[in-house]
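Chemist: quick one: sequence and predicted model below, then my questions.
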Number of protein chains: 2
Amino acid sequence: MTAEDGTFDTPGHLSVTTGADAHRGDLFSRDCPTRQLLDRIGGKWVSMAVKVLGDEYPGEVRFAELKRRMPGISQKMLAQTLRSLERDTLVARRVEATTPPRVHYRLTDLGYSLTEPIAALRDWAELHMAQIDAANAG
Amino acid sequence: MTAEDGTFDTPGHLSVTTGADAHRGDLFSRDCPTRQLLDRIGGKWVSMAVKVLGDEYPGEVRFAELKRRMPGISQKMLAQTLRSLERDTLVARRVEATTPPRVHYRLTDLGYSLTEPIAALRDWAELHMAQIDAANAG
């Protein structure tokens, strides 16, 4: 699916030896960074940002346009969300030297590989929202 | 509805009438409970609890056993996680009237339907953890 990172479809060489296996995370391992990663990507804002950017992939979306397409997000929360995605190399940022500067965002190939699992979780939540919301109210 | 509303993936039968549409959540709708639901189910502890309970489905797992199989979780955090899952009717709780009482948990059918999308996100995180962790460190 993605050529950039070369690991998406689990090439055989990663599972040949236990040494190579060590590169795969384990959510159930107490100190594994997979845990923090999952907390970073599991929330609503990342889900929405990845969806909006994924719809334009590999094209870019400007900050103001992202904000417009994520109703309810604050300037600060959007900046934090994008910065976190950028640190995780899921999003690339480009500053256009206009006055004022225009800032453009796009998903990297790695970020695009996240659109499918995130869509699965979002679909599940949207599909079952009414049932669960009724249970919570009851 | 437009793609921007986040509803373009809606299966055809759900979008035949507005009445049916109303039952489906929309993450991109400012006040839709789908947002809170996604934040409740997207994190590491829910991911782990659903995995452990899913492995035993439709069987039950006792609190102490759950805690043992989720390394690093505190008593309090596990209790909160299970209570939230129970409120969302994803987990069912049964108290056995022993001394002291034994508390058993199992996934409901609805909870079991969450195992697949959660596994997809966990797999993605475990697969890409090393690459992302290295980028964060660099």
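Modeler: In hand now; what should we look at?
Chemist: which single residue of chain A ends up nearest chain B?
Modeler: A:G42 (2.6 Å; C-beta to the nearest C-beta). From N, CA and C alone the C-beta is placed, and that goes for glycine too.
Chemist: what's the closest non-adjacent residue to that residue?
Modeler: Closest residue in space to A:G42, ignoring its immediate chain neighbours: B:G42 at 2.6 Å, by C-beta to C-beta, 6 or more residues apart in numbering or on different chains.
Chemist: what distance do you get for the one you found to A:K44?
Modeler: Counting by C-beta to C-beta, to the nearest Å, the gap between B:G42 and A:K44 amounts to 8 Å.
Chemist: which residues in chain A form helices?
Modeler: Secondary structure of chain A (DSSP state H): helices located at A:18-21, A:34-41, A:44-56, A:63-69, A:75-87, A:109-113, A:115-137.
Chemist: the last one to helix B:75-87, inter-axis angle?
Modeler: For helix A:115-137 against helix B:75-87, the angle by axes from the mean of the first three to the mean of the last three C-alpha atoms, to 10 degrees is 80 degrees.
Chemist: and the gap between A:L107 and A:A79?
Modeler: 17 Å.
Chemist: same thing with A:D39?
Modeler: According to C-beta to C-beta, A:D39 and A:A79 sit 19 Å apart.
Chemist: ok, A:Y112 next?
Modeler: Here the distance between A:Y112 and A:A79 works out to 22 Å (C-beta to C-beta).
Chemist: same deal with A:R102?
Modeler: Noted for A:R102: a distance of 15 Å to A:A79, by C-beta to C-beta.
Chemist: any regions of chain A where pLDDT drops low?
Modeler: Counting by pLDDT under 70, chain A contains low-confidence residues at A:1-22.
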